[in-house]
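A.B. asks: The sequence and its predicted three-dimensional model are supplied below.
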Amino acid sequence: MTLTTRPPRPPATEAPDSSPALGQTDPHQRPARAGLTERFATLLAPVTGRDLGPLARRRRRTGWVAFIALAGPNIALLLMFVYRPLLQSLYLSTLQWNLGSSVARFVGLGNYVEWFTAPSTRQVLTTTGIFTVATVGGALVLGLGLALLLNRPLPGRDIARTVAFAPYVLSGLAVGILWLFIFDPRYGLLSVVLGWFSVASPQWYTDPPWPLVMIVVVYLWKNLGYVTLIYLAGMQAIPQDLRDAAALDGASPARTLRSIVLPLLAPTTFFLLVTMILSSLQSFDIIQGMTKGGPVGSTTTLMYQIYQEGFVNGRAGYASAGATVLFLLLLAVTGLQMRFVERKVHYA
Amino acid sequence: MSTLRRLSVVPWLSMVVATLVLGAPLVWMVLASLKSPQELYSLPLRWLPASAYVQNYADVVATIPIGRFMLNSIVVTVVGAGLKVALGLTCAYALVFVDVPFKKVAFGLVIATLMIPPQITIIPNYTLVASLGWLNTYQGIIVPGLASAFGTFLFRQHFLGLPTSVLEAAELDGAGHWRRLWRFVVPMSLPTVAAVALVSVVTEWNDYLWPFLVVDNASHMTLPVGLTLLQNIDGMTSWGVLLAATVIVTLPILAVFLVLQRRLVAGLTAGAVTG
């Protein structure tokens, strides 16, 4: 990019290309040095040019060498560990095949038919839906509230921001275990707090729907800081004079919030909505740390089901069909984002 | 003036309450890890341990090879995050500064992987890693997640904004791509490099599902996977020990976060600003 934006030279007769990089045309010819780095540097010599002479072709070849040497490893890894398994997963979903087994039978769409008609699917989809709506909705509402609070010049708000964000960087599994102790119906911190309000602690571990509620709470705690911070960034982008003008016009704070702040935050909200849906649909660690999908499957989300079918029950083909469904769901959400981000209102 | 003061008391108090509620679980974790079983299982609840009961930590060491897990986590995190940053830097450099046709296609290939959830790749990748004999190895844990998409994306954004004059001068002085990348581009991008590196460190340290799948031998377990092992051994019978292990897993990252908060947060929230 940089190389092609150099100021154009006067149309010289013999120099269709302005690159001074190759030895022959470089006025600042480099003294030959023997270091390994230097030799590598020569190999990756800068190259530009779109003309078709033999020199240019050679340059382009060198460009490819440099490009492949620099970008090749990363792209090769992506092909190997992202694209290849993506395609293979689609293929596996057409097989009746157990993990590690040497026999596989082609069943076409059989796994999909089984998945869509299985009695457990309804429960898995309901659980996934409730979990997603509760975590995403809860995180957006609570995060917005906290951000509105922290956007004021309150003393100590930096500490509040740090405390709110800290859980986001912690291991989901560790967080799950820590909260499992807090939820302990007998000796947990929460049962004491509920006791202050004369509420008896529910049987969080064993009595649906409480296990799901428990996981939602922990997920919210872990992700609230992230949502808050993104909202804060969005709020700081709102020009202060807009609020001042509203205040001058006699708008109440509530009115300002509803008519100015929230609409201006719409792009932020949309971004968070998509991001949180994606991460919520993929969450695994907290469920693994707390309930392992139970009791009686009441906290088994689609993601957790894929793991269970694939690695606990060993039904790799069936699990791959579930993975396709999850993939399509995620793709739909991302597609939604791309579609709307293009047209999305751009206030500035 | 005094009405203004009174007005902001309510928000301030709400903030304090929110902070206490959000911070309490972490404080509780540390406190509980220092309580004796009698203190943990007594009603009404004891808020503070009478004295620091470090036996919980000794029990962790006696039950699982936590030192080994720590070492494994450090190896996986340092090597994994280091290579990931290097791959992201070289790839982004090539995408911005090396002029070849179809560069946009290559960039599209990289960026599209952000939309592919790692979960759909686990079964085929597991099969591949198993067939390579990489189960219970460091490379088995590290290599499949090594490729950098997010880092490449952020680096590319940053590189596109670099002043071209410096690089042109370097080019005129005969510096090749390799030299220009490490001597000029990287030093001019240190904040972005730091942000991406920190995000990678946090992600590698906390990564659970993949290492959990490819490692079942304690010799190569990382800390979060080892935590599951302890959970399976101890069940929920000895909370003090389990929470002591939880402290050991979370404290290093918490320390990194507190010390390098600004950079880390910048990295973790970068997607929102750029995307």
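C.D. replies: Thanks, I have the structure now.
A.B. asks: Looks like A:Phe271 contacts A:Ile230 (just checking).
C.D. replies: Yes: counting by CB atoms under 8 Å, A:Phe271 touches A:Ile230, with 7.2 Å between them. Backbone N, C-alpha and C define where each C-beta goes, glycine included.
A.B. asks: more neighbours, the two?
C.D. replies: Using other CB atoms under 10 Å in any protein chain shown, the more surrounded residue of A:Phe271 and A:Ile230 is A:Ile230, with 24 against 20.
A.B. asks: do you know how far that one is from chain B?
C.D. replies: 5 Å (CB to the nearest CB, to the nearest Å).
A.B. asks: Correct me if wrong: A:Gly63 contacts B:Val98.
C.D. replies: Yes: at 5.9 Å, A:Gly63 and B:Val98 qualify as touching, with contact defined as CB under 8 Å.
A.B. asks: list the contacts for A:Val192?
C.D. replies: With contact taken as CB atoms under 8 Å, 6 or more residues apart in numbering or on different chains, A:Val192 is in contact with B:44-45.
A.B. asks: For the nearest residue to B:Ala266 once chain neighbours are set aside, give me its contacts.
C.D. replies: Excluding its sequence neighbours, the residue lying closest to B:Ala266 (CB to CB, 6 or more residues apart in numbering or on different chains) is B:Ala195, at 4.8 Å. Contact analysis of B:Ala195 by CB under 8 Å, 6+ apart lists B:154, B:263-264, B:266-267, B:270.
A.B. asks: try 10 Å this time
C.D. replies: B:Ala195 makes contacts with B:151, B:154, B:158, B:189, B:260, B:262-270, as judged by CB atoms under 10 Å, 6 or more residues apart in numbering or on different chains.
A.B. asks: and the residue of the stretch 151-275 of chain B nearest chain A?
C.D. replies: B:Gly176 (3.1 Å; CB to the nearest CB).
A.B. asks: can you pull the pLDDT of that residue?
C.D. replies: B:Gly176 carries a pLDDT value of 88.
A.B. asks: Quick one: neighbours of it, just the number.
C.D. replies: 22.
A.B. asks: Sketch out the low-pLDDT regions of the stretch 51-200 of chain A for me.
C.D. replies: Scanning the stretch 51-200 of chain A for pLDDT under 70 picks out A:51-61.
A.B. asks: can you map out the helices along it?
C.D. replies: A:54-78, A:84-92, A:110-117, A:119-150, A:157-165, A:172-183, A:189-196 (DSSP state H, counting those that start in this stretch).
A.B. asks: roughly how far is stretch B:232-239 from the heart of the chain?
C.D. replies: From the chain centre to the centre of stretch B:232-239 is a distance of 26 Å (CA atoms, centre = their mean, to the nearest Å).
A.B. asks: what comes up buried for that stretch?
C.D. replies: Applying a neighbour-count criterion of 16 or more other CB atoms under 10 Å in any protein chain shown, one finds B:234, B:238-239 buried in stretch B:232-239.
A.B. asks: With stretch A:288-299 instead?
C.D. replies: For stretch A:288-299, by 16+ other CB under 10 Å, it's A:288-293, A:297-299.
A.B. asks: now do stretch B:61-78
C.D. replies: Neighbour count says stretch B:61-78 has B:63-64, B:66, B:69-70, B:72-73, B:76-77 buried, by 16+ other CB under 10 Å.
A.B. asks: And B:Asn136, how far from chain A?
C.D. replies: Distance from B:Asn136 to chain A, by CB to the nearest CB: 15 Å.
A.B. asks: Now for that residue, how many residues are close by?
C.D. replies: 15.
A.B. asks: Got the phi and psi for it?
C.D. replies: In terms of degrees, to the nearest 10, the main-chain angles of B:Asn136 are phi 60, psi 40.
A.B. asks: Regarding chain B, what is its longest helix?
C.D. replies: helix B:66-97 (DSSP state H).
A.B. asks: After it, which helix or strand is next? Please name it.
C.D. replies: helix B:103-112 (DSSP states H and E).
A.B. asks: between that next one and helix B:66-97, how big is the angle?
C.D. replies: 150 degrees (axes from the mean of the first three to the mean of the last three CA atoms, to 10 degrees).
A.B. asks: Check which helix or strand the residue most central in space within chain B maps to.
C.D. replies: Nearest to the geometric centre of chain B sits B:Val202, at 1.2 Å (CA atoms, centre = their mean). For B:Val202, the host element (DSSP H and E) is helix B:190-206.
A.B. asks: what's the model's confidence in that helix, averaged?
C.D. replies: On average, helix B:190-206 scores 94.
A.B. asks: Which positions in it come out as buried?
C.D. replies: Buried-residue list, helix B:190-206, by 16+ other CB under 10 Å: B:192-206.
A.B. asks: Could you work out the most separated pair of those?
C.D. replies: The widest separation within these, taken as CB to CB, falls between B:Thr192 and B:Asn206 and amounts to 21.7 Å.
A.B. asks: From B:Val98, how far out is the closest residue to A:Asn74 other than its chain neighbours?
C.D. replies: Distance criterion CB to CB, 6+ apart; nearest residue to A:Asn74, sequence neighbours excluded, is B:Cys91 at 3.8 Å. As defined by CB to CB, to the nearest Å, B:Cys91 lies at a distance of 10 Å from B:Val98.
A.B. asks: In terms of packing, which of those two has more residues around it?
C.D. replies: Between B:Cys91 and B:Val98, B:Cys91 has the larger neighbour count (other CB under 10 Å), namely 30 against 25.
A.B. asks: Tell me which residues touch the more buried one, please.
C.D. replies: Going by CB under 10 Å, 6+ apart, the list of residues near B:Cys91 reads A:67, A:70-75, A:77-78, B:106-107, B:110, B:147-149, B:151-153, B:155-156.
A.B. asks: now it: how far from B:Phe150?
C.D. replies: According to CB to CB, B:Cys91 stands 12 Å off from B:Phe150.
A.B. asks: Same question for the helix or strand where A:Ala321 lies: list its buried residues.
C.D. replies: Assigned by DSSP H and E, A:Ala321 belongs to helix A:316-343. Neighbour counts over helix A:316-343 (16+ other CB under 10 Å) mark A:316-327, A:329-330, A:333-334, A:337 as buried.
A.B. asks: Only C-alpha atoms, please: export the helix or strand hosting B:Thr152 in PDB.
C.D. replies: In this assignment (DSSP H and E), B:Thr152 forms part of helix B:150-160. Extracted C-alpha coordinates of helix B:150-160, given in PDB (Å, rounded to 0.1, in the frame of the first residue of the first chain):
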ATOM      1  CA  PHE B 150      -8.300 -11.100  15.300                       C
ATOM      2  CA  GLY B 151      -4.700 -10.000  15.900                       C
ATOM      3  CA  THR B 152      -4.000  -9.900  12.200                       C
ATOM      4  CA  PHE B 153      -7.100  -7.700  11.700                       C
ATOM      5  CA  LEU B 154      -6.100  -5.300  14.500                       C
ATOM      6  CA  PHE B 155      -2.500  -5.100  13.300                       C
ATOM      7  CA  ARG B 156      -3.600  -4.500   9.700                       C
ATOM      8  CA  GLN B 157      -5.800  -1.600  10.800                       C
ATOM      9  CA  HIS B 158      -2.900  -0.100  12.700                       C
ATOM     10  CA  PHE B 159      -0.400  -0.600   9.900                       C
ATOM     11  CA  LEU B 160      -2.700   1.100   7.400                       C
END
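A.B. asks: what's the average pLDDT for that helix?
C.D. replies: 93.
A.B. asks: Between helix B:66-97 and it, find me the angle.
C.D. replies: 40 degrees.
A.B. asks: Are helix B:150-160 and chain A in contact anywhere?
C.D. replies: Yes: Helix B:150-160 is in contact with chain A by CB under 10 Å from any CB of the partner chain, via B:151-152, B:156, B:159-160.
A.B. asks: Kindly tell me how buried residue 264 is, as a neighbour count.
C.D. replies: Here I'm looking at chain A. Going by other CB under 10 Å, the residues that sit close to A:Leu264 add up to 19.
A.B. asks: I was after chain B.
C.D. replies: The burial count for B:Leu264: 24, using other CB under 10 Å.
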